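Visitor: Here you go, sequence then predicted model.
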4 protein chains.
Amino acid sequence: MTIRVTVWNEFQHEKKADHAAAQIYPNGIHSTIADFLNAAGFQAGTATLDEPEHGLTQEVLDNTDVLLWWGHMAHGKVEDAIVDRVQARVLAGMGLIVLHSGHFSKIFKRMMGTSGNLKWREANDKERIWVIEPAHPIAEGLGEYFEIPAEEMYGERFDIATPDELVFVSWFTGGEVFRSGCCWYRGSGKVFYFRPGHETYPTYHQKEVQQVIINGVKWAYTKPAYVSQVVNVPEFMK
Amino acid sequence: MTIRVTVWNEFQHEKKADHAAAQIYPNGIHSTIADFLNAAGFQAGTATLDEPEHGLTQEVLDNTDVLLWWGHMAHGKVEDAIVDRVQARVLAGMGLIVLHSGHFSKIFKRMMGTSGNLKWREANDKERIWVIEPAHPIAEGLGEYFEIPAEEMYGERFDIATPDELVFVSWFTGGEVFRSGCCWYRGSGKVFYFRPGHETYPTYHQKEVQQVIINGVKWAYTKPAYVSQVVNVPEFMK
Amino acid sequence: MTIRVTVWNEFQHEKKADHAAAQIYPNGIHSTIADFLNAAGFQAGTATLDEPEHGLTQEVLDNTDVLLWWGHMAHGKVEDAIVDRVQARVLAGMGLIVLHSGHFSKIFKRMMGTSGNLKWREANDKERIWVIEPAHPIAEGLGEYFEIPAEEMYGERFDIATPDELVFVSWFTGGEVFRSGCCWYRGSGKVFYFRPGHETYPTYHQKEVQQVIINGVKWAYTKPAYVSQVVNVPEFMK
Amino acid sequence: MTIRVTVWNEFQHEKKADHAAAQIYPNGIHSTIADFLNAAGFQAGTATLDEPEHGLTQEVLDNTDVLLWWGHMAHGKVEDAIVDRVQARVLAGMGLIVLHSGHFSKIFKRMMGTSGNLKWREANDKERIWVIEPAHPIAEGLGEYFEIPAEEMYGERFDIATPDELVFVSWFTGGEVFRSGCCWYRGSGKVFYFRPGHETYPTYHQKEVQQVIINGVKWAYTKPAYVSQVVNVPEFMK
């Protein structure tokens, strides 16, 4: 069965003609990601902030096996009701992959129970991403490490729930480390956070980054043993 | 330094003279718990739902090292602003111990990112609580297991974030198991969930249960290396 | 690519005509397991204690993606050099699935760093195996729990390294619980322990048990990102 | 009760008058460590390779709550029988702290089930040790990170069992990261690995390093709920 993916992007930076992101991702980050996912054999569509219900209707989510999330400057504009819907769908078995600045998104903070805080610096740091768990399926095909020549730095402490599986740790030129590939189980679903992807760098055009995201989709896809139903909750307990 | 504890209770059942809970805990579950914590050398106060700000003012929280939480029939009445405040205080280093039916509390679901769902049955099951991690400080003094003669049953699957440390697993007469002692790191604070304590049973009068809660307070008390500050977040990212 | 499996069995009980195991597994437990694995599309062979090098030559191991291990009464007869060889192969990327009484095998204790100790009782307990992590691939197709009508009881505390992923917890009639499905990462390989399978019960003929083992093989199969090489170790450090 | 510590050191480098280690640790690394532990209120003794039974008689171990281990050039000279004895004592509740090049010691590899392999380079790298888990007791008093001006580099991948608690991650000038503070539960005991401490640098004279080791001793000290006894194991199963 083909895995059905929806790539969500707030799609704000790329609409500004004079923004660096518009040069690198002329059709938006989501399109670039959906393209390489479709080329890899998934059935990938997109959704963006400005669409009705942010493009994430119940029907769209019900037909999504794995949802990717990229957001940066408009986290606050995502409606709480949609966040509720996405969370419920993850707990019911959908995979969720949160990318880069999505660490401050409502849905990520919701799934973690934490602030998502971290250190950051835009200074063209080199990022070297070390594979910590070589047997993890998300690391397949990578070797010991790979490098991104220039990226925004993200540094610890990253305020997340302790990862259930820690796949990557990044080294940055300026002296920071970062848990850059983290996996969690949540309900009958799974969550994967992957650090790279600042909008002013061509990161999602890089082969290794694409490989990680492809691997991540395969890992996050679940056929859960069951979905825990909250039934018969008395009114007073809600 | 003496550990400062606040025991929060919704304190609803025990106010009804004809309720079983009123016989077992005439001054409320919180008073019983605070009493044995004070006797153990902590400085324990209480707070309840019906007090202004549910008794959890910023000042109270700032002077609390470890907060205990018991709620059951009034989860929905806890104001979101207070939940925000408690979460922020946990992330800044306060310990949080959630008891029994607190699994459906707003604060617990907030810290987990999950529904808190589980199976339950009131049928006087015997509960046998097995110590899975004998070297964990929360298990100190317990032996291989201890029993509660009659309790409400809670069964898997318990919809929680994977515990960072799993201390206890319960066996119930009727065929269920339950991860009944679970630990998590969140921000610069810690969270401990402990299963027993239905209001119609004298569970919090039992010696082993008191021992676990005493151990839990010691474990949850933190002197964090630092508190992660969210500073300089641009407006557009909020 | 077809996953290549070797099912290792000490194959002692089943050779005794008057032993219950000989009735249930006339060609040995290994044959029964290899048969259903082959039927599931894997390429499964077998190896046993009495073969030269216990059937686990370097060539056999080099051509094995996932090794299953069943042993009970002859752990001490397994040569240390073969255990070294199996461990090295796991660290280099082979999957290892240890079944039932293999908890006391040299290879399992080697991979854990612990004694493998547990409680046991042969008294026809009913075992109810609860799925704790519904999104885990080893739980695929199972539902909330399944039962084995009669089995040997294994009880906590199970002296293992903390599982990296806890998939199943068992309930037994007599009052015990057990972490019955446990996953670990070791080197570039993976280890899965699955509890059921006493030789005097038809456990490996049961559909759900076969499903778990099939799922386990898929999970344990790795295409590691790399294999950590110990190179240039000075003589004095060996 | 005062925690009883034994600091074990192979004590080879420091005996060579012309070795840098002899200048930095004239009485041996073990003496320096024991001194600051005694000053911190523990009851710390020492033991070394060349003593009978390497100084680790059953009596010494029975009266040790936490054992520290430093070895480098003589791992192979440690007798297997002593390693068995130390492992048994850890499983029975003793804490074990393995320092720096102890990653290749027999006892550490025994507790891990892995090779202990890693990358290394002696090039005066600066090491910046980031606190990943600020609420962990081993991080108490440290701040966000601390630096060691010059040290031997250790890099991933570090071939260890997945840490149960990951406290520190190191950054090195040359481009490497390392999980430099790792905790495990084993049996009724605990194990802590702490990376720094090459014999040609004054690392164990540094205040923050001493603080971590002091915190580590407190964390590793256990009063286990029970000790799992392997009783009545039939001869054939041994």
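Guide: Good, I have the coordinates.

Visitor: roughly how far is stretch A:34-53 from the heart of the chain?
Guide: The chain centre lies 13 Å from the centre of stretch A:34-53; the measure is Cα atoms, centre = their mean, to the nearest Å.

Visitor: Equivalent analysis for stretch A:198-212, please.
Guide: Averaging C-alpha positions (Cα atoms, centre = their mean) puts stretch A:198-212 13 Å from its chain's average.

Visitor: Over to stretch A:21-28?
Guide: For stretch A:21-28 - counting by Cα atoms, centre = their mean - the centre lies 19 Å from the chain centre.

Visitor: Report the separation between the two terminal residues of it.
Guide: Taking Cα to Cα, to the nearest Å, stretch A:21-28 runs 8 Å from one end to the other.

Visitor: Kindly report the same for stretch A:67-78.
Guide: 15 Å.

Visitor: Please apply the same query to stretch A:24-33.
Guide: Note: stretch A:24-33 ends 12 Å apart using Cα to Cα.

Visitor: That stretch: which residues count as buried?
Guide: Within stretch A:24-33, the residues scored as buried using 16 or more other Cβ atoms under 10 Å in any protein chain shown are A:24-25, A:28-33. C-beta coordinates here come from the backbone N, C-alpha and C atoms, glycine included.

Visitor: would TSV of those residues with distance to residue A:128, secondary structure and pLDDT be doable?
Guide: Formatted as TSV, the buried residues of stretch A:24-33 follow (distance: Cβ to Cβ, whole Å; DSSP: H, G, I helix; E, B strand; the rest coil; pLDDT from 0 to 100):
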residue	distance to residue A:128	secondary structure	pLDDT
A:24	22	helix	96
A:25	24	coil	97
A:28	28	coil	97
A:29	23	helix	98
A:30	27	helix	98
A:31	28	helix	98
A:32	23	helix	98
A:33	23	helix	98
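
Visitor: With just CA atoms, put whichever helix or strand residue A:59 is part of into CSV.
Guide: Assigned by DSSP states H and E, residue A:59 belongs to helix A:58-62. C-alpha atoms of helix A:58-62 as CSV (Å, rounded to 0.1, in the frame of the first residue of the first chain):
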residue,chain,number,x,y,z
GLN,A,58,-10.8,16.2,8.8
GLU,A,59,-11.1,14.4,5.4
VAL,A,60,-7.5,15.4,4.5
LEU,A,61,-6.2,14.1,7.8
ASP,A,62,-8.2,10.9,7.7
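
Visitor: residues in contact with it?
Guide: The contact list for helix A:58-62 (Cβ atoms under 8 Å, 6 or more residues apart in numbering or on different chains) reads A:6, A:45, A:47, A:67, A:85-86, A:89, A:94.

Visitor: got a winner among the residues you listed for most neighbours?
Guide: residue A:94 (28 neighbours; other Cβ atoms under 10 Å in any protein chain shown).

Visitor: what's near enough to touch residue A:108?
Guide: A:69, A:98, A:102, A:116, A:193.

Visitor: Correct me if wrong, but the last one is in a strand.
Guide: Read that as residue A:193. Yes. Counting by DSSP: H, G, I helix; E, B strand; the rest coil, residue A:193 is located in a strand.

Visitor: List the contacts of it.
Guide: A:97-99, A:102-103, A:108, A:160, A:181-182.

Visitor: Ok, residue A:118 next?
Guide: A:103, A:154-159, A:178.

Visitor: Give me the pLDDT for it.
Guide: Listed pLDDT for residue A:118 reads 96.

Visitor: Just the buried residues of the lowest-mean-pLDDT helix or strand in chain A, please?
Guide: Lowest mean confidence among the helices and strands of chain A (mean pLDDT, DSSP states H and E): helix A:20-24, at a mean of 94. In terms of neighbour count (16+ other Cβ under 10 Å), helix A:20-24 has its buried residues at A:21-22, A:24.

Visitor: In strands, which of the contacts of residue A:118 fall?
Guide: If you go by DSSP state E, the contacts of residue A:118 have A:154-155, A:178 in strands.

Visitor: Among those residues, which one is most surrounded by other residues?
Guide: Neighbour-wise, those (other Cβ under 10 Å) top out at residue A:178, 27 neighbours.

Visitor: Could I get the contacting residues of the closest residue to it other than its chain neighbours?
Guide: Closest residue to residue A:178 apart from its sequence neighbours, by Cβ to Cβ, 6 or more residues apart in numbering or on different chains: residue A:170 at 4.4 Å. Listed by Cβ under 8 Å, 6+ apart, the contact set of residue A:170 reads A:127-130, A:154, A:177-180, A:195, D:177.

Visitor: Closest one of the contacts of residue A:108 to chain B?
Guide: Top of the list for closeness to chain B, among those and by Cβ to the nearest Cβ, is residue A:116 at 8.8 Å.

Visitor: Phi and psi next, for that closest one.
Guide: Backbone geometry at residue A:116, expressed as degrees, to the nearest 10, gives phi 70, psi 10.

Visitor: ditto for residue A:37
Guide: Taking degrees, to the nearest 10 as the convention, residue A:37 sits at phi -70, psi -40.

Visitor: Now it: closest residue in space, sequence neighbours ignored.
Guide: Residue A:37's closest residue in space is residue A:44 (Cβ to Cβ, 6+ apart), at 3.9 Å.

Visitor: Now the residue nearest to residue A:178: which helix or strand?
Guide: In the assignment (DSSP H and E), residue A:170 maps to strand A:165-172.

Visitor: for chain A, which residue is closest to the average position?
Guide: residue A:98 (1.7 Å; Cα atoms, centre = their mean).

Visitor: wait, it sits on residue A:72?
Guide: No. The pair residue A:98 / residue A:72 is not scored as a contact, 12.0 Å apart, by Cβ atoms under 8 Å.

Visitor: Name the residues of chain A found near chain C, please.
Guide: With the criterion set to Cβ under 8 Å from any Cβ of the partner chain, chain A comes near chain C through A:93, A:131, A:133-137, A:139-144, A:164-165, A:185, A:187-190, A:222-228.

Visitor: filter those down to the ones close to chain D.
Guide: Checking the residues of chain A next to chain C against chain D (Cβ under 8 Å from any Cβ), the matches are A:131, A:133-134, A:144.

Visitor: and those, which of them are in strands?
Guide: Members of those lying in strands (criterion: DSSP E): residue A:131.

Visitor: and the ones next to chain D among the residues of chain A next to chain C, which two are the farthest apart?
Guide: A:133 and A:144 (12.0 Å; Cβ to Cβ).

Visitor: now the helices for chain A?
Guide: A:20-24, A:29-39, A:58-62, A:80-91, A:106-112, A:207-220 (DSSP state H).

Visitor: deepest of these, which one?
Guide: helix A:106-112 (a mean of 24; mean count of other Cβ atoms under 10 Å in any protein chain shown).

Visitor: Would you pull up how far that one lies from the middle of the chain?
Guide: The answer for helix A:106-112 is 11 Å, by Cα atoms, centre = their mean.

Visitor: I'd like the average pLDDT over that helix.
Guide: 98.

Visitor: now do stretch A:66-86
Guide: Here the average pLDDT along stretch A:66-86 is 97.

Visitor: again, but for stretch A:170-178
Guide: 98.

Visitor: and it, which residues are buried?
Guide: In stretch A:170-178, counting by 16+ other Cβ under 10 Å, buried: A:170-173, A:175-178.
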